Structure formats: structure tokens, C-alpha cells
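>>> Any chance you could fold what I've pasted below:
(chains A and B)
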There are 2 protein chains.
Amino acid sequence: MIVGAIAACTAEGAPMSEKYGLFGKLVAAPGKRDELLGYLSEGTEAMPGCLLYVLSTSEAEPDAIFIYEVWETRQHHADSLKLPAVQASIAKARPIIAGFGPERFEMTPVGGVGI
Amino acid sequence: MIVGAIAACTAEGAPMSEKYGLFGKLVAAPGKRDELLGYLSEGTEAMPGCLLYVLSTSEAEPDAIFIYEVWETRQHHADSLKLPAVQASIAKARPIIAGFGPERFEMTPVGGVGI
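Got it, this is the predicted structure:
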């Protein structure tokens, strides 16, 4: 169990962490959720700076896919979107994405278990 | 980089995963966010079945703390709330929690990077 210490604090007490966290929701076209899950997991093996990229389904929303990501920095995340393998999976995924959730949170991960 | 395969599928194609995911938001009393972060990270070293427990802050919401959790099963999560160390940290945290976000998502993590 890797326990991450709470990041040191700035003078104003705000946790000093460069990590970049993102939580959002994709809605698959009807009946396409598992196919979309497959595409979303392609090309994720070698994403520099990616600490977490977790795909989840929801019993409450059968067509939804929730994605939770933690990156070393915001820039690592931005750079990942230019990776050929990621672009290829996005191209496959796009036609069966019906929409994006209003739920979208950008965060600064500062500690806990597993990062 | 640990790449988790997308869970095998049930007959109906739904990913067969027992993992339990939770994303939610706490709002700290004004000026108490970092103190609350400290309490929330106490007692998290030995929580059986805890794969991820990530605390994050938000530039958009200075008093908010977002918590993302992944557990081996829902039961592991429920059992963790009975652990003496967790109950002690909840007791310390409760007086400086101003509220809970409407944002609360229960999910089934099925794959990705880091779990």
C-alpha cells in the first residue's frame, strides 16, 4: 500500500502539488458502451506522466463511462492527447460517443493511497 | 505502468468487476480545508481492500476536497468505516466539515492504468 503524504504547503497553506487530476463522464451511443470501453483503453500503455487512468461503469447510468485521471502535471495530460496511439483510439471512439457529461472536475491531487 | 485489462464481460456484455468506485466532494468550513485534508489522510495506511483513496483540492472551489476511492469490493469500503483509526479521523474531521457536495458517484471500475 503506497501512502502518499499530503503535499507540502505553500506559504498561504495551499498544498503545493503539480499533479493534475480530472474526473469526467462520457455517454456511449446506445448499446455501444463496452465497445467504447475497449477503444478508451487502447493506447494507454505508454502515456508518459500518467499515474492513474481509471475507467468505470455505473449501474445507475448504463451508457455512461466515468474516467478518473491523475497526471504528473497538466502538461503531461495535454501532451498525451497528441500521442499517435491516443489519437487513434479517440478516432475509433468518437463515432460512438453520444455525449459528454456535465460532470467534469479538474483537481489537484495532494495525497492519499495509491498515488 | 500497471495496465489493468478491461474486466471480462458477463453474458450480457456488462464488465464483470467487483471493484467499487466512489467519487465525492466535501466542503470544509472556511479556512479549514488543509486541516481537514490532514484528518482525512489519517488512519488510511491500513485499510484492507483499499486500492485507491485520492484526496484532491480544486482551484475553482478553494474550500472543496474531492475524494476518489477504489476498493476491491463494496464490502471492503463498508468495513473500512468501522476501523478504529478511520472512525477517529472522522470524529476529528466532522466539526470542520461544512457540507457534502451534491456530486457523489458510485461506480464499477473496470480497467485502465494504475488499478
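
>>> From the centroid of chain A, which residue is nearest?
A:Glu69 (2.8 Å; Cα atoms, centre = their mean).

>>> so it sits in a strand?
Yes - counting by DSSP: H, G, I helix; E, B strand; the rest coil, A:Glu69 is located in a strand.

>>> In contact with the closest residue to A:Ser80 other than its chain neighbours, which residues?
Excluding the flanking residues, the one nearest A:Ser80 by Cβ to Cβ, 6 or more residues apart in numbering or on different chains is A:Met47, at 4.7 Å. Using the backbone N, CA and C atoms, a C-beta is placed for each residue, glycine as well. Applying Cβ atoms under 8 Å, 6 or more residues apart in numbering or on different chains to A:Met47 gives the contacts A:53, A:76, A:80, A:83, A:86, B:1, B:113.

>>> Please work out how many residues are found near the last one.
Number of residues near B:Val113 (other Cβ atoms under 10 Å in any protein chain shown) recorded here: 20.

>>> Need phi/psi at the residue nearest to it when sequence neighbours are not counted.
Leaving aside its chain neighbours, B:Val113 sits nearest to A:Tyr53 (4.0 Å; criterion: Cβ to Cβ, 6+ apart). Taking degrees, to the nearest 10, you get phi -150, psi 90 for the backbone angles of A:Tyr53.

>>> Counting residues, which strand of chain A comes out longest?
strand A:97-113 (DSSP state E).

>>> Next, the buried residues of the helix or strand A:Val27 falls within.
Using DSSP states H and E, A:Val27 sits within strand A:20-28. Neighbour counts over strand A:20-28 (16 or more other Cβ atoms under 10 Å in any protein chain shown) mark A:20-28 as buried.

>>> ok, and of those residues, which contact chain B?
Of the residues in those, proximity to chain B by Cβ under 8 Å from any Cβ of the partner chain holds for A:21, A:23.

>>> out of the buried residues of strand A:20-28, which one sits closest to chain B?
The nearest member of the buried residues of strand A:20-28 to chain B, counting by Cβ to the nearest Cβ, is A:Gly21 at 4.8 Å.

>>> Can you tell me the number of residues neighbouring the nearest residue to that closest one once chain neighbours are set aside?
Nearest residue to A:Gly21, sequence neighbours excluded (Cβ to Cβ, 6+ apart): A:Met107, at 3.7 Å. Applying other Cβ under 10 Å, we find 27 residues neighbouring A:Met107.

>>> What does the pLDDT read for A:Met107?
Looking at A:Met107, its pLDDT reads 97.

>>> What residues does A:Glu103 make contact with?
Residues counted as contacts of A:Glu103 (Cβ under 8 Å, 6+ apart) are A:23-25, A:66, B:103, B:105.

>>> where's A:Ile67 relative to A:Leu55, distance?
For A:Ile67, the distance to A:Leu55 equals 6 Å [Cβ to Cβ, to the nearest Å].

>>> Which helix or which strand is home to A:Gly43?
Counting by DSSP H and E, there is no helix or strand that carries A:Gly43.

>>> got the contact list for it?
A:83-86, A:88-89.
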